[in-house]
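Asks: need a structure here:
(one chain, ligands or ions: 2)
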Amino acid sequence: MKRIKIIDLIAKPTIGSEVTIKGWVRTFRSNRFIAINDGSTINNIQAVVDYEKIEESLLKRITTGSSISVFGKVIESQGKGQSIEIEVKSFEILGDANPEEFPLQPKKHSLEFLREIAHLRFRTNTFGAISRVRHSMIFAIHKFFNDKGFFNIHTPIITGSDAEGAGEMFRVTTLNLNKLPKTDTGNIDFKEDFFGKETNLTVSGQLEAELAALALGQVYTFGPTFRAENSNTTRHLAEFWMIEPEVAFNDLNDNMDLAEEMLKYCVKYALDNCTEDINFLAARLEDEDKSKPKEQRSLPLIEKLRFVVENDFVRLTYTEAIEILKRSKPNQNGQFKYQIKDWGADLQSEHERFLVEKEFKKPVILTDYPSEIKAFYMRQNDDNKTVRAMDILFPGIGEIVGGSQREERMEILKQKIKKFNIPEESVWWYLETRKFGTVPHAGFGLGFERLMLFVTGMTNIRDVIPFPRTPKNAEF
Ligand code: ATP
Ligand code: MN
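Replies: Ligands and ions are numbered 1, 2, ... in the order given. Take a look at the predicted model:
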């Protein structure tokens, strides 16, 4: 008999019908009640066996983590907690899980421990929920852009340019590291390398997305990006996924509108379509918060998500933010690790979080940053000091989006490239878009895992991607 998924059975149960369920045993109580999960939903189905009719040796094999196929009748549940259950007629153990060795027992495991067994943590409620929400967010992002008439573009993962300067890069090479070819001057001869030049893993698909936007109008990328971030934080991965829309004829205001609309769409999508998983994650967060002092507790997850959907983001300039920060209490009494003294200072995550969590209590979009602390391609303002940049700051996270209106004027772009010490010949192809039919355009990058942190209420970025890549960690 063909198996029915638990999600479908719960959605439309026919009392009295016979079904086959396949999944993994979560718990087995009183030699009678098997809780089975098949991953289709956070909900288990309870299968009830008549232990008097079953051999002891077979009963013993129903253990947490084992896989099982059960055949039986759908009946109304006698117990609390579920509306239906299965009266088992026959069952088969598909795969044993020795309880002496299976590391996931029906008790609370720490997130740190679960990271060490990332190959099995999908089988927990928490990671099942996160994985399903992650899928839904990927789907929502594609739907959002598709519905708006954007085209998805695959930008290269191996890149020959380091122009973005977004972070330290990972080298890609096939050279024999024990016998590196050298040039006459003693440097490594990359002409001998696979591509005949130095190549790295991409830190961003933006520059290539711009090329596409200047022909297709509205495009977006959704791909892996790599940064050899040597900082070990709860918000940085060495390999993460980024969404980068790029739109011809958009200015910074259009860009902010698009980003705000997109973030709200995704959060609302999660509330509307991942209700059970979000409810579970909300309860998990509430439980975790109980052990924290009151002032460190976060808003209940669902309240936090609704708040973002229902409220306009605050928009202000970097210069206004610096004034607020300078006057702020933590800046005056030395509570910030990095004191804000002068205009021009780069904002640290402590400052970003102060603005969002204490000052405005809302998501904040900061614009018009000093040109020195932003990338070369951002459009110069008339003050010659600032650029049309925007960062979106979220509660509990800090920066979730970074974007800008791009410099479309060739002469100014060339000056900037010189100022940033980027060899012009390395970005000749980028410059040609300004030479031939240049137009104002704008775009941004959204870190997918930062969005996932927000939506799931998790606090460590290692817990919202299946197999995190961080310094000294590339297991699995
Ligand atoms: P941060 O200051 O937090 O390091 P950034 O300024 O380096 O961020 P951008 O280069 O603007 O970030 O990248 C765009 C987006 O990608 C960021 O807004 C963030 O959401 C995400 N992001 C950046 N670096 C990482 C990382 N190491 N791991 C996960 N997401 C990241
Ligand atoms: Mn960074």
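
Asks: Distance of Asn44 relative to ligand 1?
Replies: Relative to ligand 1, Asn44 is positioned 33 Å away (C-beta to the nearest ligand atom, to the nearest Å). Backbone N, C-alpha and C define where each C-beta goes, glycine included.

Asks: Strands along the stretch 201-350 of the chain, start to end?
Replies: 218-226, 239-248, 314-317 (DSSP state E, counting those that start in this stretch).

Asks: just the stretch 51-200 of the chain next, same as before
Replies: 67-76, 84-95, 151-152, 158-159, 171-172, 199-201.

Asks: just so I know, which of the strands of the stretch 201-350 of the chain lies nearest Val48?
Replies: strand 239-248 (42.6 Å; C-beta to C-beta).

Asks: Name the strands paired with that closest one and say parallel or antiparallel.
Replies: strand 218-226 (antiparallel), strand 441-447 (antiparallel) (DSSP bridges).

Asks: centre of the chain versus the last one, how much separation?
Replies: In this case it means strand 441-447. 15 Å (C-alpha atoms, centre = their mean, to the nearest Å).

Asks: what's the answer for stretch 111-128, then?
Replies: 17 Å.

Asks: Tell me the buried residues in that stretch?
Replies: For stretch 111-128, a neighbour-count test (16 or more other C-beta atoms under 10 Å) marks Leu111, Leu114, Arg115, Ala118, Arg121, Arg123, Thr124, Asn125, Thr126, Phe127, Gly128 as buried.

Asks: can you pull the contacts of the first one?
Replies: Translated: Leu111. Thr126, Asn460, Asp463 (C-beta atoms under 8 Å, 6 or more residues apart in numbering).

Asks: ok, of those residues, which one's closest to ligand 1?
Replies: Each of the contacts of Leu111 was checked against ligand 1 using C-beta to the nearest ligand atom; the closest is Asn460, at 11.8 Å.

Asks: how many other residues sit next to that closest one?
Replies: Using other C-beta atoms under 10 Å, the number of residues around Asn460 comes to 14.

Asks: circling back to that earlier point, could you dump the contacts of Leu111 to CSV with pLDDT?
Replies: Formatted as CSV, the contacts of Leu111 follow (pLDDT from 0 to 100):
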residue, pLDDT
Thr126, 98
Asn460, 97
Asp463, 98
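
Asks: just those residues now: which is nearest Leu9?
Replies: Nearest member of these to Leu9, counting by C-beta to C-beta, is Thr126, at 23.0 Å.

Asks: So what's the residue count around the residue nearest to that closest one when sequence neighbours are not counted?
Replies: Distance criterion C-beta to C-beta, 6 or more residues apart in numbering; nearest residue to Thr126, sequence neighbours excluded, is Arg284 at 6.1 Å. Using other C-beta under 10 Å, Arg284 has 18 neighbouring residues.

Asks: List the contacts of Thr438.
Replies: Thr438 neighbours (C-beta under 8 Å, 6+ apart): Leu214, Glu408, Arg409, Met410.

Asks: Please list the residues of the protein that sit near ligand 1.
Replies: Residues of the chain lying close to ligand 1 (C-beta under 6 Å from any ligand atom) are 166-167, 227, 229, 236-237, 240, 242, 399-402, 445-447, 449-450.

Asks: ok, which stretches of the stretch 251-400 of the chain are helices?
Replies: Assigned by DSSP state H, counting those that start in this stretch, the helices in the stretch 251-400 of the chain fall at 252-273, 275-289, 301-310, 318-327, 329-332, 349-353.

Asks: Can you add mean pLDDT and give those helices back as JSON lines?
Replies: Listed next are the helices of the stretch 251-400 of the chain as JSON lines, based on pLDDT from 0 to 100:
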{"stretch": "helix 252-273", "mean pLDDT": "98"}
{"stretch": "helix 275-289", "mean pLDDT": "96"}
{"stretch": "helix 301-310", "mean pLDDT": "96"}
{"stretch": "helix 318-327", "mean pLDDT": "97"}
{"stretch": "helix 329-332", "mean pLDDT": "96"}
{"stretch": "helix 349-353", "mean pLDDT": "92"}
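
Asks: For Ala97, find the nearest of the ones you listed.
Replies: When these are compared (using C-beta to C-beta), the closest one is helix 275-289, at 23.3 Å.

Asks: by contact count, what packs against that closest one?
Replies: helix 125-147, helix 301-310, helix 448-456 (3 or more C-beta pairs under 8 Å, 6 or more residues apart in numbering; DSSP states H and E).

Asks: returning to what we had before: for Ser291, find the nearest of the strands of the stretch 201-350 of the chain.
Replies: That would be, of these and by C-beta to C-beta, strand 239-248, which comes in at 28.8 Å.

Asks: Any buried residues in that closest one, and which?
Replies: Glu239, Phe240, Trp241, Met242, Ile243, Glu244, Pro245, Glu246, Val247, Ala248.

Asks: Next, the angle from it to helix 252-273.
Replies: 130 degrees (axes from the mean of the first three to the mean of the last three C-alpha atoms, to 10 degrees).

Asks: Any regions of this protein where pLDDT drops low?
Replies: 162-166 (pLDDT under 70).

Asks: and Leu325, how many neighbours does it have?
Replies: 21.

Asks: coming back round to it: right, and the pair among the buried residues of strand 239-248 with maximum separation?
Replies: Glu239 and Ala248 (30.0 Å).

Asks: ok, and the closest non-adjacent residue to Glu92?
Replies: Closest to Glu92 by C-beta to C-beta, 6+ apart is Ser69, at 4.8 Å.

Asks: Which residues are in contact with Ala209?
Replies: Applying C-beta under 8 Å, 6+ apart, the residues contacting Ala209 are Ile153, Thr155, Val219, Tyr220, Thr221, Glu244, Pro245, Glu246, Gly443.

Asks: Now it. Nearest residue, chain neighbours left out?
Replies: Glu246 (4.2 Å).

Asks: now Ser371
Replies: Ser371 sits nearest to Val387 (C-beta to C-beta, 6+ apart), 4.6 Å away.

Asks: how close does the one you found sit to ligand 1?
Replies: Taken as C-beta to the nearest ligand atom, the span from Val387 to ligand 1 is 13 Å.

Asks: What of Ala212?
Replies: Taking C-beta to the nearest ligand atom, one finds Ala212 at 18 Å from ligand 1.

Asks: same question, Pro99
Replies: 38 Å.

Asks: cool, and Lys5?
Replies: 33 Å.

Asks: what's the answer for Gln296, then?
Replies: Counting by C-beta to the nearest ligand atom, the gap from Gln296 to ligand 1 is 21 Å.

Asks: Likewise for Lys268?
Replies: 19 Å.

Asks: The closest residue to that residue other than its chain neighbours - how many residues pack around it?
Replies: Nearest residue to Lys268, sequence neighbours excluded (C-beta to C-beta, 6+ apart): Val309, at 4.9 Å. Residues near Val309, counting by other C-beta under 10 Å, number 16.
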